[in-house]
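Novice: sharing a model that was predicted from the sequence below.
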Amino acid sequence: MVGLRSGVTALLVAGLLLATPIVASAHAELVLSVPADGSVLGVTPGSVLLYFSEQINPSLSEATVTGPGGETVTAPPAAERLIQVDLDTNLPGTYHVTWKAVSDVDGHTTSGAFSFTVGEPPGVAVTTATAGPSATNWVVTVARWIEDLALILAVGSLFILWLGRRDEPLPWVQPELLLVFGVALAAGVVVVTGEAVAATGASLHGVVTYLTTGLAGTARVTRVLLECLACLAVARRAYAVLGVILIALVVALAASGHAASSVLSVALDSGHVLTAGVWVGGIIAMATLRPPDGWSAGGRALLTRFTPWALTAFAATIALGFVQAVLNVGTWSALVTTNYGRVLIAKSAAVLLLIPLSLLAWRRRSPHLRVEAAIGATVVLAASLLAAFPLPVDSGTAANTVDLTADAGLPHGTDLTIGAQAGQTLVGVTVDPGRPGSNTLTVYVLSADGAAASAALAVSAFVDGRTTPLRGCGDTCRGATVQLAGGDALSIHVSGPEGGIASIRLPSLPAPGGTALLDAALARMKNLSSVTMHETLTGGTGLPTDVTDYEEVAPDRLMWTEPGGAAAISVGGAFYARETAGAPFVAQTGHDPVSEPSFAWQFFPTATAVHLMGIATVDGVRTTVVGFFAGEPGTPVWFRFYIDAADQVELADMSAPGHFMTQSFAHFDAPLAINLP
């Protein structure tokens, strides 16, 4: 019988290794950011978007963007799984993003950081920081293991006590229940306090909000209260009441984690802890007992009673663990590409090594109860550590959250296309085939709130004053068939508080290609020894307009000033900035050398749909207008260049999501001097 007990025990411990963690937490993981970590952009995005794997707490989650000059912008969640930080600057340099997300499902906190760069030449390294585990995280992880182990042991101890009182009582079966629940209470207080501090930064108001928000918050408080009641019940020897309290405590433990997302998940987690507690907790509890004449004699009766229950609990735990594994890991790919999956693989490898040793001990009938209990405790430790890893995120989560590419309605190939703004909404008009007569008119509309919000916009079009009915062709797309003659006046009306009217004049049709002139202008601007630029930037009608003046001198000198007196000077790797006029310049660290002159357009992919749009005069200079499309997934951009006879860009208009910018250039190859203060 002892040999049977040893073999069963080994198999049960192996089963726990294969099963999922006690209370696994998916956390609210960052699944995608726009811009992406390490991006090199030609223009600052209108908004930095962070998409998370599950709903986040709107009161405790936030993201902060720190610009090149040290200015910061912080924003709370804009939607259930989205934090959106709006930017109204276009200063070149590195932007650092830090974020903290408190899951509204399980209350767990994740944080991180990443960077992107505006106006730096390709090849310049971007310093990226990712938040590692803090001291609080480690304390919580250790305390969680202690609490998990104590509760597993509590279930096993109470069960062993019940077995010892059945039929012929075994008076020596007296597990230390008060000590076990006392340890669970102390560790539980540390876990809940640590999680609250990690989520709120020790703000009293934040802690109260954290512990009273949602099922997970309430379950944390309830768990600690139940651990207090359990200690009181043990002291009064009210074991029947203690059993009810312990079941409620296990349910509260499950509801404190990711299982809070559904009743089914709470039931699975609760069942898993209870069944694992019966056999693993029972093994550990028995290891603390001292039967008369040893286990081979006085303890045989308890082993006999325990074995069938342990087998049943083993089967139930494996079944529950398998269901949880399928729900948590999801795919074979996630098993090998995520930390969570790799830890499960490592645990399975340990099982492959453990099983032959355990079977050998079983066949030789030489059990080592304390060793097996230690293995059980180690397995609980591994389960608690695994709970600190995020569950694999469904590869479709990001796509289900938002249409990140938002490409419905964008131009392709050689289409004639023009960008504009309607209030705060980005508008792009594309005509195909771009010849007199019947044309397909495609209107691209991108709300400041993203592609999904664009679907709800009411959009109407007018051609030379005539209403043109539009049909939907996607969240960001409207289309129609129209008759065009060339030089037509288009008017796109977008409803809503962020909408407005975009007025567009088409060129003569067919519009000649402008690639040769554009290439000549790009080459000329790239080879300038110096230039000045006056820039205006806005997020749309009704929003502030930022004005910045730049002086750029090859190979690595740049100075910019703003109307309020804020300014910065970059020479090589040295960078100095001031906040107001008259204030001293202060040296800044962490800046890489910049290659000057540099321009917003050089950081976008190759221009497409390049056409000559007509002739215009800029500050008395006759220019040829070239329009083209550029951008990348999630960042569509339209440009119009006003190019003079010397192939110099006198004026550049840009229409991008949340960024409508005009840049005027002067002092081409002038003797400009930029020196450090």
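Specialist: That came through fine.

Novice: do you know how far residue 484 is from residue 318?
Specialist: Noted for residue 484: a distance of 70 Å to residue 318, by C-beta to C-beta, to the nearest Å. The way it works is simple: take the backbone N, C-alpha and C, and place the C-beta from them, glycine included.

Novice: bridging residues for residue 612?
Specialist: Bridge pairing for residue 612 (DSSP bridges) gives the partners residue 626.

Novice: show me where the stretch 501-650 of the chain dips below the pLDDT cut-off.
Specialist: Residue ranges of the stretch 501-650 of the chain with pLDDT under 70: 590, 605, 632-634.

Novice: all helices for it, in order.
Specialist: 515-526 (DSSP state H, counting those that start in this stretch).

Novice: residues in contact with the closest residue to residue 299 other than its chain neighbours?
Specialist: Of all residues beyond its chain neighbours, the one nearest residue 299 is residue 291 (3.3 Å), with distances taken as C-beta to C-beta, 6 or more residues apart in numbering. Listed by C-beta atoms under 8 Å, 6 or more residues apart in numbering, the contact set of residue 291 reads 170, 172, 297, 298, 299, 302.

Novice: next one: phi and psi at residue 141?
Specialist: Backbone torsions for residue 141, taken as degrees, to the nearest 10, come to phi -60, psi -50.

Novice: that one - how many residues pack around it?
Specialist: Residue 141: 17 surrounding residues under other C-beta atoms under 10 Å.

Novice: same question, residue 236
Specialist: The number of residues near residue 236, taken as other C-beta under 10 Å, comes to 10.

Novice: repeat for the one 5 residues further on
Specialist: Residue neighbour count, defined by other C-beta under 10 Å, stands at 15 for residue 241.

Novice: and residue 281, that's in a helix?
Specialist: Yes - assessed with DSSP: H, G, I helix; E, B strand; the rest coil, residue 281 lies in a helix.

Novice: I figured it hits residue 150, correct?
Specialist: No - counting by C-beta atoms under 8 Å, residue 281 stays clear of residue 150, with 9.6 Å between them.

Novice: same drill for these two, tell me which one is more crowded.
Specialist: Per other C-beta under 10 Å, whichever of residue 281 and residue 150 has more neighbours is residue 281, with 31 against 24.

Novice: please name the nearest non-neighbouring residue to that one.
Specialist: Using C-beta to C-beta, 6+ apart and skipping residues adjacent in sequence, the residue nearest residue 281 is residue 156, 2.3 Å away.

Novice: helix or strand: which one has that neighbour?
Specialist: helix 135-164 (DSSP states H and E).

Novice: so which elements touch that helix?
Specialist: Here helix 135-164 is seen to pack against helix 177-200, helix 239-255, helix 263-276, helix 282-287, helix 300-329, helix 369-387 when contacts are counted using 3 or more C-beta pairs under 8 Å, 6 or more residues apart in numbering; DSSP states H and E.

Novice: in the longest one, what counts as buried?
Specialist: Of the residues in helix 300-329, those buried under the neighbour-count criterion (16 or more other C-beta atoms under 10 Å) are 300-303, 305-307, 309-310, 313-314, 316-321, 323-325, 328-329.
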